[in-house]
Every structure is written in C-alpha cells, then in structure tokens.
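Student: need a structure here:
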Amino acid sequence: MPKEGEKVLKQFASGEVKLPPAILSLQDEKAMKAKNEERAKAVDKDGNPKPKPPLSAFKECGQRFKQYLDRHPYWQSLVKEIDGLTPYGLRHGFAWRGAKYYPRSIPPRDLAALMGHDPVTHQRHYGKWTDEADIALTVESITGSVSA
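Tutor: Numbers count the residues shown, from 1 in each chain. Okay, here's the model as predicted:
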C-alpha cells in the first residue's frame, strides 16, 4: 500500500506503536548471555550433558516475530488470502522493493546495511531475484525504450 511504510515508521517513532515485549527483551545483552549459559548447561532426560547451541539475538527475534504474527488475526487472514506468505518473505519483499519498486532504487550496499548483513550476503540471497521482465522494465525506465 502506498505510503504505508512511512505511516508505520511515524507511528513507531512517535511511540504510538511499540515492539512486543518478547522482542524488546532481546536487547538485554545480560539476559541473552544468561540464557545462553543456561543452554550450555542443558542435560537430557537421563541427566547426561546435552548442551544446546547458543541463541542468536537476530534469529531469536525472527522466531518471536513469527510467533507474534502467527497469533495475530489480521496476519492469519492475510496468510489465508495470499498463497505462500511468510514472515521471512517480508524480508525478501523489502529487498525487492528497495531494488525495484521506487523510481530511484536503493544501492545494494545500503540495502544490505539496512537488513543487517554485508553486500556479498545480500547478493547471494537477494540479488538473484531477477528475470527477463525485471530487466526489460529496468532498461525501459532508464532509457525510455526496451533494448533488444
């Protein structure tokens, strides 16, 4: 929806919309460290050491965000309407819109920084989403005509 992102950012910046506590708690480095220390001491049902891998705050955030969305009635209705819609797909959509949607695209290195990774990772995971139709539209938007 046009201008929806701008509207949401303004709501977030003003404090009108806040992140859920489960996501905000991931900013507490001491709590994350304590949780990972606890995971390192985990044992199986027989009492044998079975350490769990450490949690990444970014990965944990993604899981909590997915859980939050999965419980939200509006998201549930969107999932029913849109085949294949996933929370992670929103990330791919952001990368695509940044590169293709706006009259002036966001440089890949800036998109990578906004998404929290380096340009090589960005190219590997998001830069390959191009097809002949995208190429033709890009050439036409720059030159005013489709090149053969």
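
Student: OK, contacts around residue 12?
Tutor: Applying Cβ atoms under 8 Å, 6 or more residues apart in numbering to residue 12 gives the contacts residue 18. Yep, even glycine has a C-beta here, placed from its N, CA and C like the rest.

Student: and what of residue 101?
Tutor: For residue 101, the contact set (Cβ under 8 Å, 6+ apart) is empty.

Student: what's the burial count for residue 85?
Tutor: 14 (other Cβ atoms under 10 Å).

Student: hang on, it in a helix?
Tutor: No - using DSSP: H, G, I helix; E, B strand; the rest coil, the assignment for residue 85 is coil, not a helix.

Student: just give the closest residue to it, not the sequence neighbours.
Tutor: residue 79 (5.2 Å; Cβ to Cβ, 6 or more residues apart in numbering).

Student: same thing with residue 127?
Tutor: In this structure, residue 127 finds its nearest non-sequential neighbour in residue 108, 6.7 Å apart by Cβ to Cβ, 6+ apart.

Student: repeat that for residue 55.
Tutor: residue 36 (5.9 Å).

Student: thought the one you found was touching residue 54?
Tutor: Yes - between residue 36 and residue 54 there is a contact under Cβ atoms under 8 Å: 4.3 Å.

Student: re the thing from before, got the phi and psi for the residue nearest to residue 55?
Tutor: Note on residue 36: backbone dihedrals following degrees, to the nearest 10 are phi -70, psi -30.

Student: neighbours around it, how many?
Tutor: Neighbours of residue 36 (other Cβ under 10 Å): 16.

Student: that one and residue 122, how far apart?
Tutor: Computed with Cβ to Cβ, to the nearest Å, the distance linking residue 36 and residue 122 is 28 Å.
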